[in-house]
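Novice: sharing a model that was predicted from the sequence below.
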Amino acid sequence: MTTIVRARGLTKTYPGVTALAGIDLDIPEGRVGLVGANGAGKTTLFRLLLGLARPTSGTVEVNGIDVAQDPIGVRTNIGYMPEHECLPLDQTAADVVSTFGELGGLPVRAARQRASEVLDLVGLDEARFRPVGGYSTGMRQRTKLAQAIVADPKLVLLDEPTAGLDPSGREEMLALVARLGGFGIAVVLATHLLDDVAEVCDHVVMLDGGRLVTDAPTTTLLQRTGTVTVDVGPAAAATLAAALAGRGLTAMLDEHGATVEVTVTGDGDLDWVRDVVAEMGLPLYRLTNRLTSLDDVFVHRGPEQR
Amino acid sequence: MSRTEQVGAVYDRGYRPYDGPRGGRRAATAALYRTSLRRAIGLRRPWRQKVAPAALLAVAVIPAVVNVGIGYLTRDTPAEGFQFITYREYVGVSSALLLFVALVAPDIVCPDRRQRVLPLIFARPLVGRDYALAKVGAIFTCVFAFSVLPQAVLYVGKMLVSRGALDYFRANTAVIWQVPVAAALLSLFYAVLGVAVASLTGRRIVAGASMLGVTLVSSTVSAILIHADNGGRVVQGNHPAALLNILALPLRVRDLVFLGRIGEDSPLSGVAGGGILAAAGFTAVVAACIAVILYRYRSVET
């Protein structure tokens, strides 16, 4: 797979703070999640990718172009959606997106036409002719996404695109992000919400305190844990856990006490679980392999790795 | 129900990649210039935003119309040739220009900082210098147009009411270059001063008041110093403190363009090297403003 961002020894320090500490990165095309807590270095990395900040040391390339050598060339093919409010409030979304299309190098007519198309795409049709100042958070986020993709960039940097959205708005935004890959636009999605990354990204980069924690495909991180989750209803969960332990299995309640998590070493253990549930006459609602979550990956890293 | 839910579904109208021509830094700067110019003259904005430029144009043209009217009414009379206002005096004579810049410069500059649009702009293929050029260029264009258009009305009008249009043209050839040059210098001065002051704050009202304050305070201080030094007597000219009047500096330079020296009606007249001092003061103010603008719009943090 083509590498769209390559960093080597990338370091950025501010007085008294090391925002990025010599990270090496190879971000492939596709949808990449950039995960980290506040202050992990996500926004600093974006600023370095856009050429808006100079690295203290190290190099970074975007689309094969060295950002330090040709920041304008890099920015010609990047769309950027900041986390913070950044829209001119007294202008309509149609004017805002069209203007940013022109700023991205599109001719006037093409910019207006594409503004119309991408505003349709993000679900702002009639509302596009109203001033942005009267928009809800969700509509503003959609407008921000529209201006990021209006010039048809090769790469789009999305900084916390679901911030402040209600559940349905979040789902719609993630659905849009998921579709961008199909349009031939590589996506780097910065967020501290691991669920967002697990839902739409096929590669994960984790930062913590300016250091690289993980740079790997999402599928290699979300692997089987050797534990199955047994759901027989919350009322019977404790009884089942005790019964399974009596048969020599390692079984314990989950953190909510609603399901039983059983360590299995082979198919024979699964048969035991099935038989015990049947003997006790319990309803078996669910028996699933438990996968690691991104939270597990992030939280359970040893201090030497973090 | 939230408004997000009301606007609801994401429509699948597809996505078409763009494979047409694509400009670079120059195109981005031109786009920002066009956007700023549209905003300055109120295009695609509510009618309230169109009042200032329309009023300015009206106010600026009135002296020209009056002058042409006087020229027409005094034809073939002893008062023929009376000039209500000369071409030189007409450059920068209207304080409406200053008011316009104090209104418009903050309007096209301050919201970008206050509403945090700058990071989005600088994520496009342009740099801080381009941003500054686009904003200064937009104000320059407005002030220049509003300075030159009334002069064109005056010139054409007087040519038409004169005894011989061709004779009038021959007798007034010099103003064809003097007016644009003087208006360009005046427009440059106002544009860089307006953008520099507006770049220092995100609040339009503060920027506008500061712009007026800087010019009015400097002219007041200059007047007080001249008055005090003359023992309270009103004396015309011959005082270097007139250089402190920032508002009048472009008028001194205008005199240099039209007359090659400081005008007799200037408080700087009679001062040795007054013309050079005025040009130096003008250049210093413009250079300082440009330095402030470039500093405030550094697009890259080091």
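Specialist: Alright, I've got the coordinates.
Novice: okay, now the nearest residue to B:L277 once chain neighbours are set aside: neighbour count?
Specialist: Sequence neighbours aside, B:L243 is the residue nearest to B:L277 in space, at 5.7 Å (criterion: C-beta to C-beta, 6 or more residues apart in numbering or on different chains). For glycine as for every other residue, the C-beta is placed from the backbone atoms N, C-alpha and C. Counted by other C-beta atoms under 10 Å in any protein chain shown, the residues lying close to B:L243 total 22.
Novice: one more: B:A198?
Specialist: Around B:A198 there are 31 residues (other C-beta under 10 Å).
Novice: check whether the strand or helix carrying it comes near chain A.
Specialist: Per DSSP states H and E, B:A198 falls inside helix B:175-199. No. For helix B:175-199 and chain A, the contact criterion (C-beta under 8 Å from any C-beta of the partner chain) is not met; the two come no nearer than 15.4 Å.
Novice: residues of that helix that come out buried?
Specialist: Across helix B:175-199, burial judged by 16 or more other C-beta atoms under 10 Å in any protein chain shown covers B:175, B:178-180, B:182-199.
Novice: which residues touch A:L157?
Specialist: Residues near A:L157 by C-beta atoms under 8 Å, 6 or more residues apart in numbering or on different chains: A:46, A:49-50, A:78-81, A:148, A:188, A:190.
Novice: assign a three-state SS to the residue of the stretch 1-150 of chain A at minimum distance from chain B, would you?
Specialist: Closest to chain B within the stretch 1-150 of chain A is A:G138: 3.1 Å, counting by C-beta to the nearest C-beta. The three-state label given to A:G138 by DSSP: H, G, I helix; E, B strand; the rest coil is helix.
Novice: pretty sure it contacts A:D166?
Specialist: Yes. A:G138 lies in contact with A:D166 (C-beta atoms under 8 Å); the separation is 7.2 Å.
Novice: more neighbours: which of the two?
Specialist: A:G138 (26 against 17).
Novice: distance check, that one against B:V292.
Specialist: 39 Å (C-beta to C-beta, to the nearest Å).
Novice: same deal with B:P119?
Specialist: 20 Å.
Novice: same check on B:G69?
Specialist: According to C-beta to C-beta, B:G69 and B:V292 sit 43 Å apart.
Novice: tell me which of those two has more neighbours.
Specialist: B:V292 (18 against 13).
Novice: list the contacts for the spatially most central residue of chain A?
Specialist: Nearest residue to the geometric centre of chain A (C-alpha atoms, centre = their mean): A:V197, 3.0 Å. Going by C-beta under 8 Å, 6+ apart, A:V197 touches A:33, A:35, A:189, A:191, A:204, A:218, A:294.
Novice: for the fifth one, name its beta-bridge partners.
Specialist: According to DSSP bridges, the partner residues bridging A:V204 are A:G33, A:A216.
Novice: number of nearby residues for residue 260?
Specialist: Answering for chain A, as no chain was given. For A:V260, the count of nearby residues is 27 (other C-beta under 10 Å).
Novice: hm, I was asking about chain B
Specialist: Number of residues near B:G260 (other C-beta under 10 Å) recorded here: 8.
Novice: cool, and B:G263?
Specialist: When neighbours are counted by other C-beta under 10 Å, B:G263 registers 17.
Novice: how about the one 3 residues further on?
Specialist: Residues lying near B:S266 (other C-beta under 10 Å) number 22.
Novice: now A:G181
Specialist: By the measure other C-beta under 10 Å, the count of residues near A:G181 is 17.
Novice: ok, and the closest non-adjacent residue to it?
Specialist: Distance criterion C-beta to C-beta, 6+ apart; nearest residue to A:G181, sequence neighbours excluded, is A:R31 at 4.9 Å.
Novice: phi, psi of the one you found?
Specialist: phi -110, psi 120 (degrees, to the nearest 10).
Novice: was I right about it contacting A:E199?
Specialist: No. Checked against C-beta under 8 Å, the pair A:R31 and A:E199 is beyond contact range at 10.0 Å.
Novice: of those two, which one has the most company?
Specialist: Between A:R31 and A:E199, A:R31 has the larger neighbour count (other C-beta under 10 Å), namely 23 against 17.
Novice: how about that one, what does it touch?
Specialist: By C-beta under 8 Å, 6+ apart, A:R31 lies in contact with A:177-178, A:180-181, A:186-187, A:189, A:200-203.
Novice: chain B: which of the residues you listed is nearest?
Specialist: Using C-beta to the nearest C-beta, the contacts of A:R31 come closest to chain B at A:L180, 8.5 Å.
Novice: after whichever strand or helix holds the closest one comes which helix or strand?
Specialist: Per DSSP H and E: A:L180 is located in helix A:167-180. Toward the C-terminal end, the helix or strand that comes next after helix A:167-180 (DSSP H and E) is strand A:186-191.
Novice: that following strand: partners in the sheet, and parallel or antiparallel?
Specialist: Next to strand A:186-191 in the sheet, as set by DSSP bridges, lie strand A:31-35 (parallel), strand A:155-159 (parallel).
Novice: least reliable of the ones you listed going by mean pLDDT?
Specialist: When those are ranked by mean pLDDT, strand A:31-35 comes last with a mean of 92.
Novice: following element in sequence after that one, please.
Specialist: As assigned by DSSP H and E, the chain's next helix or strand after strand A:31-35 is helix A:42-49.
Novice: anything in that next one near chain B?
Specialist: Yes. Helix A:42-49 is in contact with chain B by C-beta under 8 Å from any C-beta, via A:R47.
Novice: check which residues of that helix are buried.
Specialist: For helix A:42-49, the neighbour count (16+ other C-beta under 10 Å) marks A:42-49 as buried.
Novice: out of those residues, the closest to A:A235 would be?
Specialist: Proximity to A:A235 was ranked across these by C-beta to C-beta; first place goes to A:K42, at 43.3 Å.
Novice: run through the bridge partners of the nearest residue to the closest one once chain neighbours are set aside.
Specialist: Nearest non-adjacent residue to A:K42, counting by C-beta to C-beta, 6+ apart: A:A190, 4.2 Å away. Beta-bridge partners for A:A190, by DSSP bridges, are A:L34, A:D159.
Novice: which member of the buried residues of helix A:42-49 is positioned nearest A:L25?
Specialist: Set against A:L25, the nearest of the buried residues of helix A:42-49 by C-beta to C-beta is A:L45 (8.3 Å).
Novice: and the contacts of A:L157 as a markdown table, adding pLDDT?
Specialist: Formatted as a markdown table, the contacts of A:L157 follow (pLDDT from 0 to 100):
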| residue | pLDDT |
| --- | --- |
| A:F46 | 94 |
| A:L49 | 95 |
| A:L50 | 94 |
| A:I78 | 94 |
| A:G79 | 95 |
| A:Y80 | 96 |
| A:M81 | 96 |
| A:A148 | 96 |
| A:V188 | 96 |
| A:A190 | 93 |
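Novice: can you flag the buried ones in those?
Specialist: Neighbour-count burial (16+ other C-beta under 10 Å) applied to the contacts of A:L157 gives A:46, A:49-50, A:78-81, A:148, A:188, A:190.
Novice: now do the contacts for residue 75.
Specialist: In the absence of a named chain, chain A is used. A:R75 touches A:50-51, B:123-125, counting by C-beta under 8 Å, 6+ apart.
Novice: ah, no, chain B please
Specialist: B:R75 touches B:161, B:163, counting by C-beta under 8 Å, 6+ apart.
Novice: pLDDT weak spots in chain B?
Specialist: Of all residues in chain B, those with pLDDT under 70 make up the ranges B:1-13, B:93-94, B:230-237, B:299-302.
Novice: which helix runs longest in it?
Specialist: In chain B, taking DSSP state H as the definition, the longest helix is helix B:128-161.
Novice: which elements pack onto that helix?
Specialist: helix B:25-40, helix B:48-73, helix B:87-90, helix B:95-114, helix B:118-122, helix B:165-171, helix B:175-199, helix B:274-296 (3 or more C-beta pairs under 8 Å, 6 or more residues apart in numbering or on different chains; DSSP states H and E).
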